[in-house]
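Trainee: My questions concern the predicted model and sequence given below.
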Amino acid sequence: MTPIVANSQPGEAAPAPGDPVAFELPYFDAILARLELSPESPLSRALQRHVHWGFFSSPDTADDSLAGYVVAAEAMTERVCAAGRVRSGLRILDVGCGFGGTIAHLNEHLSGCKLVGLNIDERQLARARQSVHAGSGNAVTFVQGDACALPFGDGEFDVVMAVECIFHFPSRRRFFKEARRVLRTGGTLVVSDFVVDSEKVDEMTDWTEAHADAQSNFYGVKSAALVSGTYARLARGNHFSELADEDITAATMPTYPGLKNLLSDAGLTDGVKATAYLEELSRMGFFQYRILSFEAEGA
Ligand SMILES: C[S@@+](CC[C@H](N)C(=O)[O-])C[C@H]1O[C@@H](n2cnc3c(N)ncnc32)[C@H](O)[C@@H]1O
């Protein structure tokens with residue numbers, strides 16, 4: 001992973017909905033294999049619903065137990081949903097939906113919603129369809145597709161969510177454009193992402209160059225991290241106004257020891273290396289874990 005600011009250039013070709021898009025997600029290959037072969041292993045139990053960092057409300061006293069991780073992952077979902085202004089009766093699209101954990105959470109807490117999970121990876125969607133069953137008058141669908149070429153009509157949704165997945169998309173700019181298109185005016189876009197502290201770019205560049213050996217492609221990140229402040233420009237350029245931008249790094253830090261243990265127990269040494277690298281970037285204040293929300297403005 002390198003600290004580059006922009007990840008898409010004007011004039012780049014946009015894919016059409018239905019175009020096959022290549023993706024490389026080494027960690028999902030590993031998680032899917034473990035879920036298949038050892039569904040009761042700690043790693044499988046930790047990641048079968050949510051595949052994202054935890055929100056630990058008391059980070060100083062948090063332990064690295066599996067139970068603590070599962071609770072914190074659900075708390076993170078709750079936090080992102082609140083920033084997305086979700087409520088009953090809305091049409092909600094969860095882009096990069098993993099195994100459907102966020103859709104499951106919404107389905108359990110809201111009623112009368114149209115809930116759509118989209119993922120590039122059909123293998124994850126197959127698991128989501130098996131585990132999430134619509135309740136409380138909700139309609140639940142899981143759709144295969146690319147975040148940068150959403151297979152939906154204009155203004156079809158009230159809320160678009162992208163929980164800890166935007167760094168995988170081929171272009172954040174194209175995703176923002178697509179999110180604006182499928183949202184009604186006044187609707188909400190919420191994303192969670194690792195953002196580089198603009199004050200520390202030079203220091204971070206030196207550090208990453210000096211620690212090049214500590215990197216690993218386990219997480220298959222496609223788009224380099226944005227520097228703080230860039231999201232505001234990205235939003236303005238795509239007819240969004242900023243609602244909130246919350247730095248929750250401190251509350252995510254206990255994720256690292258727990259996740260490294262789980263990966264280590266599962267024999268995923270490359271995963272331990274990649275997670276330790278991210279932990280260091282966060283501990284040194286280079287990476288901030290942020291939840292950002294935006295309102296769709298009229299064109
Ligand atoms: C860290 S996981 C997060 C999963 C889920 N949002 C959660 O919180 O549990 C990243 C997700 O992004 C998905 N993804 C990666 N590239 C994508 C793309 N171009 N379009 C849609 N989904 C994508 C992956 O398949 C994976 O499910």
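Mentor: Received the coordinates, thanks.
Trainee: hey, where'd the helices end up in the stretch 101-250 of the chain?
Mentor: 101-109, 122-131, 172-182, 201-210, 230-236, 249-252 (DSSP state H, counting those that start in this stretch).
Trainee: Turn these into TSV, columns for mean neighbour count and distance to the ligand.
Mentor: To be clear about C-beta, it is placed using only N, CA and C from the backbone, and glycine gets the same treatment. As requested, the helices of the stretch 101-250 of the chain are arranged in TSV below (neighbours: other CB atoms under 10 Å; distance: least, CB to the nearest ligand atom, whole Å):
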stretch	mean neighbour count	distance to the ligand
helix 101-109	22	5
helix 122-131	16	5
helix 172-182	23	8
helix 201-210	14	21
helix 230-236	17	17
helix 249-252	19	13
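Trainee: out of the ones you listed, nearest to residue 49?
Mentor: For residue 49, the closest of these is helix 101-109, at 4.1 Å, according to CB to CB.
Trainee: got the angle for that closest one vs helix 122-131?
Mentor: 20 degrees (axes from the mean of the first three to the mean of the last three CA atoms, to 10 degrees).
Trainee: is the ligand contacted by stretch 284-293?
Mentor: No: judged by CB under 6 Å from any ligand atom, stretch 284-293 makes no contact with the ligand; its nearest approach is 12.2 Å.
Trainee: Alpha carbons only: can I get that stretch in PDB?
Mentor: The C-alpha trace of stretch 284-293 is given here as PDB (Å, rounded to 0.1, in the frame of the first residue of the first chain):
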ATOM      1  CA  MET A 284       1.600   6.300  14.400                       C
ATOM      2  CA  GLY A 285      -1.300   8.600  13.400                       C
ATOM      3  CA  PHE A 286      -0.700   8.300   9.600                       C
ATOM      4  CA  PHE A 287      -4.000   6.400   9.000                       C
ATOM      5  CA  GLN A 288      -7.200   7.600  10.600                       C
ATOM      6  CA  TYR A 289     -10.300   5.400  10.500                       C
ATOM      7  CA  ARG A 290     -13.100   7.700   9.500                       C
ATOM      8  CA  ILE A 291     -16.900   7.500   9.000                       C
ATOM      9  CA  LEU A 292     -18.000  10.100   6.500                       C
ATOM     10  CA  SER A 293     -21.500  11.000   5.500                       C
END
